[in-house]
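> generate a structure from the sequence data that follows.
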Amino acid sequence: MAHRAVILFLCASGLFQEGLTALIQTQLTVMAALGEEAHFSCRLMQTRDVLQVTWQKCSPGKEKTLATDNKYFGQRVDPYFIGRVEINDGGLQNTSIVIREVTEYDEGCYRCLFNTYPDGALTGLTCLKLYELHGPVLDVRVSNSSEEAVVSCSATGRPAPTVTLSVLQHKVNSSDHVHTNTNGTVTVTRTAVLSRLHNNSAQVECAAQVLSVPPKKVSVTIPEVEPTSSSDGEKHVHSHRLLD
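Residues are numbered from 1 along each chain as shown. Alright, predicted model coming up:
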């Protein structure tokens with residue numbers, strides 16, 4: 001937290017000294033999955049004569065330039081970021097970049113700097129927050145001789161994911177098991193015992209979510225209670241199907 005506080009202080013102090021931030025529209029926070037893409041954008045709300053746009057990452061004691069877009073010399077990406085950072089061609093009034101295959105080292109705050117004439121530098125600040133989510137994986141154990149089904153759903157993420165189980169026309173009483181992994185991720189498993197219905201199957205849905213990003217969902221159908229037979233072996237029903 002101390003490291004993050006230093007970054008925020010450096011960026012914020014620069015903002016107030018260098019420009020009129022009310023003229024810039026940008027996201028306060030960008031969320032991206034580890035290993036995926038992060039998209040940043042800044043837009044001038046009033047037309048200005050922009051000579052250059054500079055994208056920087058705020059680091060303790062300094063700012064690292066990722067890319068620039070110059071009115072006369074065009075776009076340039078710092079050699080260290082070539083292949084990972086790209087400027088989208090939206091013009092100097094409405095600039096945006098994408099960072100590909102983000103890692104934990106990319107987390108932090110970024111600023112867009114509009115070098116204008118005659119107003120000088122106008123800046124906007126956006127902070128990147130990373131998350132990780134694997135799953136959910138839904139497992140249902142049923143037995144021909146039992147009128148109950150054991151349903152479990154697990155997901156692994158950073159920060160700890162929220163896992164929910166829902167069954168159409170059923171009230172679900174469930175319990176959670178939380179395990180912290182050696183790599184810092186957390187696995188949450190939610191388990192419930194459901195009463196199976198005669199002559200009727202049931203649809204089970206599991207959702208996993210981290211932060212405020214849209215949840216990932218899977219579903220499976222629990223078969224109806226079958227007539228008594230000589231075979232009472234346990235069956236497993238799995239589903240990895242994502243729902244829109």
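> R190: neighbour count?
For R190, the neighbour count with other C-beta atoms under 10 Å is 23. In this view, the C-beta of every residue, glycine as well, is placed from N, C-alpha and C.
> now do R158
For R158, the count of nearby residues is 18 (other C-beta under 10 Å).
> beta partners for it?
E132 (DSSP bridges).
> try Q209
Here Q209, judged by DSSP bridges, has bridge partners T162.
> surely A208 and L165 touch.
No. In terms of C-beta atoms under 8 Å, A208 does not count as a neighbour of L165; the distance is 10.5 Å.
> what do the two both touch?
Both A208 and L165 are in contact with C153, where contact means C-beta atoms under 8 Å, 6 or more residues apart in numbering.
> so which of those two has more stuff around it?
Per other C-beta under 10 Å, whichever of A208 and L165 has more neighbours is A208, with 25 against 21.
> ok, now which ones touch the more buried one?
A208 touches 133, 135-136, 153, 155, 157, 161-163, 188, 215-217, counting by C-beta under 8 Å, 6+ apart.
> again, but for Y110
F40, W55, Q56, K57, C58, L66, L125, T126, C127, L128.
> show me where this structure has helices.
2-18 (DSSP state H).
> kindly report the domain assignment for this structure.
With domains defined by automatic domain parsing, the chain comprises 2-130, 133-239.
> picking that back up, reformat the contacts of Y110 as TSV; add distance to A22.
Shown next, in TSV, are these (distance: C-beta to C-beta, whole Å):
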residue	distance to A22
F40	19
W55	20
Q56	20
K57	23
C58	20
L66	24
L125	13
T126	16
C127	19
L128	23
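> closest to N88 among those residues?
Taking C-beta to C-beta as the measure, N88 lies nearest F40 of the contacts of Y110, at 9.7 Å.
> what about the closest one, distance to G120?
22 Å (C-beta to C-beta, to the nearest Å).
> neighbour count: these two, which is higher?
It is F40, of F40 and G120, that has more neighbours when counted by other C-beta under 10 Å, with 23 against 11.
> hmm, G90 and the more buried one touching each other?
No. At 11.7 Å, F40 does not count as touching G90 under the criterion of C-beta under 8 Å.
> any shared contact partners between those two?
In contact with both F40 and G90: S96, using C-beta under 8 Å, 6+ apart.
> pLDDT and distance to T26 added to the contacts of A208, as JSON lines?
Converted to JSON lines, these look like this (pLDDT from 0 to 100; distance: C-beta to C-beta, whole Å):
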{"residue": "L133", "pLDDT": "94", "distance to T26": "26"}
{"residue": "G135", "pLDDT": "93", "distance to T26": "32"}
{"residue": "P136", "pLDDT": "95", "distance to T26": "33"}
{"residue": "C153", "pLDDT": "95", "distance to T26": "37"}
{"residue": "A155", "pLDDT": "97", "distance to T26": "31"}
{"residue": "G157", "pLDDT": "95", "distance to T26": "27"}
{"residue": "P161", "pLDDT": "95", "distance to T26": "28"}
{"residue": "T162", "pLDDT": "95", "distance to T26": "28"}
{"residue": "V163", "pLDDT": "95", "distance to T26": "33"}
{"residue": "V188", "pLDDT": "97", "distance to T26": "33"}
{"residue": "P215", "pLDDT": "93", "distance to T26": "26"}
{"residue": "K216", "pLDDT": "94", "distance to T26": "28"}
{"residue": "K217", "pLDDT": "94", "distance to T26": "31"}
